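> whatever this is, show me its structure:
(chains A, B, C and D)
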2 protein chains.
Amino acid sequence: MAGQEHMGRGQAIAPATISEVAAAAGVSRQTVSNVLNAPARVAPETAARVRQAIEQLGYRPNRAARNLRARASRNIGFKIHSPAGVSNLLDRFLHALAEAAGGGGYHVLIFAPAPVEEELAAYEDLIRTGTVDGFVLADVALRDPRLPWFAQQGIPFVCFGRPWGHEHDKFAWADVDGAYGVAQAVDHLVSLGHRRIAYLGWPEGTGFGDERRTGWRDAMRRHGAMPEGLDGSCQEDVATATGAARRLLALPDPPTAFACGSDTFAVAARLAGGVNPAGQPNVEVVGFDDSPAAMLMSPPMSSVRQPVQEAAQHVVGLLLNQLHGSGIPGEGVMLRPQLVSRGLSRPDHGG
Amino acid sequence: MAGQEHMGRGQAIAPATISEVAAAAGVSRQTVSNVLNAPARVAPETAARVRQAIEQLGYRPNRAARNLRARASRNIGFKIHSPAGVSNLLDRFLHALAEAAGGGGYHVLIFAPAPVEEELAAYEDLIRTGTVDGFVLADVALRDPRLPWFAQQGIPFVCFGRPWGHEHDKFAWADVDGAYGVAQAVDHLVSLGHRRIAYLGWPEGTGFGDERRTGWRDAMRRHGAMPEGLDGSCQEDVATATGAARRLLALPDPPTAFACGSDTFAVAARLAGGVNPAGQPNVEVVGFDDSPAAMLMSPPMSSVRQPVQEAAQHVVGLLLNQLHGSGIPGEGVMLRPQLVSRGLSRPDHGG
DNA sequence: GATGAAAATTTGAACGATCAAATCGCCATG
DNA sequence: CATGGCGATTTGATCGTTCAAATTTTCATC
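Reported below is the predicted structural model:
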């Protein structure tokens, strides 16, 4: 009975080798290898015999030996950074990344370089030792110096996020259209009856933040609303952002709603707006990232959700294309986020 | 000039091998190896010459070859699961894990088995192929069947969380004293003048949740307060938990404060309690996990913070001990969480 | 200067897989 | 019946490193 049962019970694991399988099946090493990697070359009965031996011995090809011979690790490197803010975007992305990588026979290897100055050295080390075949970058900054450096070194990589500050068609990336997302937020707020819609997000210079702000401004103009004076860009921490939102609300003609660059900003906007005697927020707020906190707030908050799963799939696809030689390093994929609308959506609001 | 400069610029990377370094330094392969792995065996001037050659060629030992020879991957496997709730505990843990592993020359390899039924097969595969040397489990359930299975298979592993439902001294683990944490929360609430302190957490059967509830009950008794009727255990989603909290608040002698099993429960308790005309919450709530949301709430919420960094360090230490033969698989480390007290802490609260 | 011990270095083999080339067996064809 | 061709299988070499054992060098001692 070939079986599901485990054979060695309780002992430390000493996996079978290809030679042991070959001996058990009465064939040579190479034939076993062919059964697994080029079944067409093997006669059907031989293949069956070999497969049975594989089952019986629980054989699985050794990864290190394969890697050595193939000069490839089948690992994707990902630098993990300390989480900040309420968003769990990176969490979701990492999960999706592991899933997508697994589909292609790859694994995700995470690392956390202790001092920042050693970051480039850490990347270089992982590549030179053959620990990973390439990288996924999820924290691309404006004019990120890593990108040209990677390219110059011939290190394969793909960005989750556009290479802001560089020519987009020189690097591989998958990203979400932030301008479209914020425009959706504005459209939603307009449909609720709002005209004075402020923006709360990062100050000029983050790339993705600038795009989101542009999305807000363009959408406002499209609706014939005036964005002037309603830009509340500031640092992404609640204290600062709450202050910025309060300043806007103290204007002679204050905003009745906020479109925000992130859920952290959105939380700040809600705090600044306060609640009316019925416990309802005085300002309508739409966040970005759809973090768990958005749903758990009272009342729940609308937020723009990024298609993280698709993004991860594209990122992995682009990287594998590069690794298998069939892809160019200058390829971009743009995805559309989706507004998750929450709340009672009654337009009898401001005024 | 031995250098920081990179040498091959723009070309695909073809790292130097140990033989090339040996040739450049005029020594044999083994001497180069010794310089790196057993410097005491090499004459000082020879070592210097070899080191210079290493620098010049940018040599880094190939990981696959090392792994093959050493029969070890120096990788720690970690199954990543979809995030849920406001807590970013796992995020923080994963970051700390990668950091701790890196300190010991290891890396963290994450994977996400698609269907749950294949989970054990996925673990087995990673071990049999030598892709990882052991596992860290951060999602140990009550009577988790993986633990005895791993032990029986001789697969090294360490749990972040106690092996509830099994004999604790049969497995390796590091965990945080949940009872102590909730007791701290109760102490804090008592010091604020509260006596009627309810508990909101998971229903019987999670292990860690049961311990936290016990911590609340024991602390209440220690203070001479009566926990009876104030246990609001229910599923961990906001709708359900809000309902449970409301039922408690509707009692003839309602609680004035809540100690909670997680920040998600705590958010629900705050929602159920509502705010007074001044915008202040009607009930005092202490959460667990100190998620970003706790700090961002208005007013900020106290929460019990787990020493994730230390936990990760211990987890890695215990695993490496097992892998290096000097550790037994039945060792546990208990850590103390710390209450992060927030808010204006004015004791003039309850009726 | 011979002797031996200790230090320094080198050689050969092995880890487990796959690639490339060689060999074997079989059958159709002339 | 020799020949060629083709499918199936095997052999030898190799990926880059480290272990174990062998060898060479150094140096103190008598």
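> any idea how far residue A:299 is from whichever residue of the stretch 151-300 of chain A sits closest to chain B?
Minimum separation of the stretch 151-300 of chain A from chain B (CB to the nearest CB) falls at residue A:154, amounting to 4.2 Å. (Glycine included, C-beta is placed from N, CA and C.) In this structure, residue A:154 and residue A:299 are 52 Å apart, going by CB to CB, to the nearest Å.
> can you list the buried residues in stretch A:290-302?
A:290-294, A:296-298, A:300-302 (16 or more other CB atoms under 10 Å in any protein chain shown).
> gap between that stretch and the chain center?
21 Å (CA atoms, centre = their mean, to the nearest Å).
> go on, stretch A:48-56?
For stretch A:48-56 - counting by CA atoms, centre = their mean - the centre lies 41 Å from the chain centre.
> contacts for that stretch, please.
Here stretch A:48-56 makes contact (CB atoms under 8 Å, 6 or more residues apart in numbering or on different chains) with A:2-3, A:21, A:24-27, A:31-32, A:35, A:42, A:59.
> chain center to the host helix or strand of residue A:210, what's the gap?
Per DSSP states H and E, residue A:210 falls inside helix A:208-222. Helix A:208-222 sits 22 Å away from the centroid of its parent chain (CA atoms, centre = their mean).
> now stretch A:129-146
Worked out by CA atoms, centre = their mean, stretch A:129-146 lies 13 Å from the chain centre.
> touching DNA strand C at all, that stretch?
No. Judged by CB under 7 Å from any atom of the strand, stretch A:129-146 stays clear of DNA strand C, getting no closer than 12.8 Å.
> helices or strands up against the lowest-mean-pLDDT helix or strand in chain A?
The least trusted helix or strand in chain A, going by mean pLDDT, DSSP states H and E, turns out to be helix A:292-296, with a mean of 90. Judged by 3 or more CB pairs under 8 Å, 6 or more residues apart in numbering or on different chains; DSSP states H and E, helix A:292-296 is in contact with helix A:263-273, helix B:263-273, helix B:292-296.
> can you add distance to residue B:94 and give the ones you listed back as JSON lines?
What follows is these, written out as JSON lines (distance: least, CB to CB, whole Å):
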{"stretch": "helix A:263-273", "distance to residue B:94": "21"}
{"stretch": "helix B:263-273", "distance to residue B:94": "18"}
{"stretch": "helix B:292-296", "distance to residue B:94": "16"}
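> restricted to buried residues, select the contacts of stretch A:48-56 in ChimeraX.
The command below creates a ChimeraX selection of those among the contacts of stretch A:48-56 that count as buried (16+ other CB under 10 Å):
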select /A:21,24,25,27,31,32,35,42,59
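> need the contacts of stretch A:48-56 in TSV with distance to chain B, can you?
Formatted as TSV, the contacts of stretch A:48-56 follow (distance: CB to the nearest CB, whole Å):
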residue	distance to chain B
A:2	16
A:3	14
A:21	13
A:24	16
A:25	18
A:26	23
A:27	21
A:31	20
A:32	15
A:35	17
A:42	22
A:59	8
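> and which of the contacts of stretch A:48-56 is nearest to residue A:92?
residue A:59 (36.3 Å; CB to CB).
> just confirm that closest one contacts residue A:19, I think it does.
No. Residue A:59 lies out of contact with residue A:19 (CB atoms under 8 Å); the separation is 10.3 Å.
> up against DNA strand D, what does the stretch 1-150 of chain A have?
A:26-31, A:34, A:40-43, A:46-47, A:65, A:68-69, A:71.
> which of the residues you listed come close to DNA strand C?
Counting by CB under 7 Å from any atom of the strand, the members of these near DNA strand C are A:29-30, A:65, A:68-69.
> by neighbour count, which of those residues wins?
The residue in those with the most neighbours, by other CB atoms under 10 Å in any protein chain shown, is residue A:68 (20 neighbours).
> quick one: secondary structure of it?
What DSSP: H, G, I helix; E, B strand; the rest coil gives for residue A:68 is helix.
> that one reaches residue B:69, doesn't it?
No. Using CB under 8 Å, residue A:68 is not in contact with residue B:69, being 9.5 Å away.
> which residues sit in contact with the residue nearest to residue A:186 when sequence neighbours are not counted?
Of all residues not flanking residue A:186 in the chain, residue A:219 sits nearest, at 3.8 Å (CB to CB, 6 or more residues apart in numbering or on different chains). Applying CB under 8 Å, 6+ apart, we find residue A:219 in contact with A:182-183, A:186-187.
> any of the residues you listed buried? List them.
Among the contacts of residue A:219, the ones that count as buried (16+ other CB under 10 Å) are A:182-183, A:186.
> pLDDT weak spots in the stretch 251-351 of chain A?
A:327, A:344-351 (pLDDT under 70).
> which residue does it have closest to DNA strand C?
residue A:324 (12.9 Å; CB to the nearest atom of the strand).
> what about that residue, distance to residue A:317?
11 Å.
> low-confidence regions, chain A specifically.
Looking at chain A by pLDDT under 70, you get A:1-13, A:327, A:344-351.
> where's the residue of the stretch 251-351 of chain A closest to DNA strand C relative to residue A:134, distance?
In terms of CB to CB, residue A:324 sits 11 Å off from residue A:134.
> these two: which has the busier surroundings?
residue A:134 (22 against 10).
> check contacts around residue A:245.
A:198, A:200, A:232, A:258, A:268-269, A:271-273.
> what about it, which SS state?
Assignment for residue A:245 (three-state DSSP): helix.
> excluding its backbone neighbours, what's nearest it?
residue A:272 (3.5 Å).
> residues contacting that neighbour?
Per CB under 8 Å, 6+ apart, neighbours of residue A:272: A:241-243, A:245-246, A:249, A:283.
> go again with 7 Å.
A:242, A:245-246, A:249 (CB atoms under 7 Å, 6 or more residues apart in numbering or on different chains).
> ranking these by neighbours, who comes first?
residue A:245 (27 neighbours).
> how close does it sit to residue A:192?
18 Å.
> next: residue A:287.
In terms of CB to CB, residue A:287 sits 15 Å off from residue A:192.
> can you check residue A:184 too?
Taking CB to CB, one finds residue A:184 at 13 Å from residue A:192.
> could you do residue A:255 as well?
Taken as CB to CB, the span from residue A:255 to residue A:192 is 13 Å.
> now name the helix or strand holding residue A:110.
strand A:107-111.
> CA atoms only for that strand, dumped as PDB, please.
Extracted C-alpha coordinates of strand A:107-111, given in PDB (Å, rounded to 0.1, in the frame of the first residue of the first chain):
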ATOM      1  CA  HIS A 107       9.300  31.900  -1.600                       C
ATOM      2  CA  VAL A 108       9.500  35.300   0.100                       C
ATOM      3  CA  LEU A 109      12.500  35.900   2.300                       C
ATOM      4  CA  ILE A 110      12.300  38.800   4.700                       C
ATOM      5  CA  PHE A 111      15.000  40.700   6.300                       C
END
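> nearest residue to the most centrally placed residue in chain A other than its sequence neighbours?
Nearest to the geometric centre of chain A sits residue A:93, at 3.6 Å (CA atoms, centre = their mean). Distances taken as CB to CB, 6+ apart place residue A:308 nearest to residue A:93, at 5.0 Å, with adjacent residues excluded.
> look up phi and psi at the one you found.
phi -60, psi -40 (degrees, to the nearest 10).
> which residues in chain A form strands?
Using DSSP state E, the strands of chain A run over residues A:75-79, A:107-111, A:134-137, A:157-160, A:173-176, A:197-200, A:257-260, A:284-288, A:302-305, A:332-335, A:338-340.
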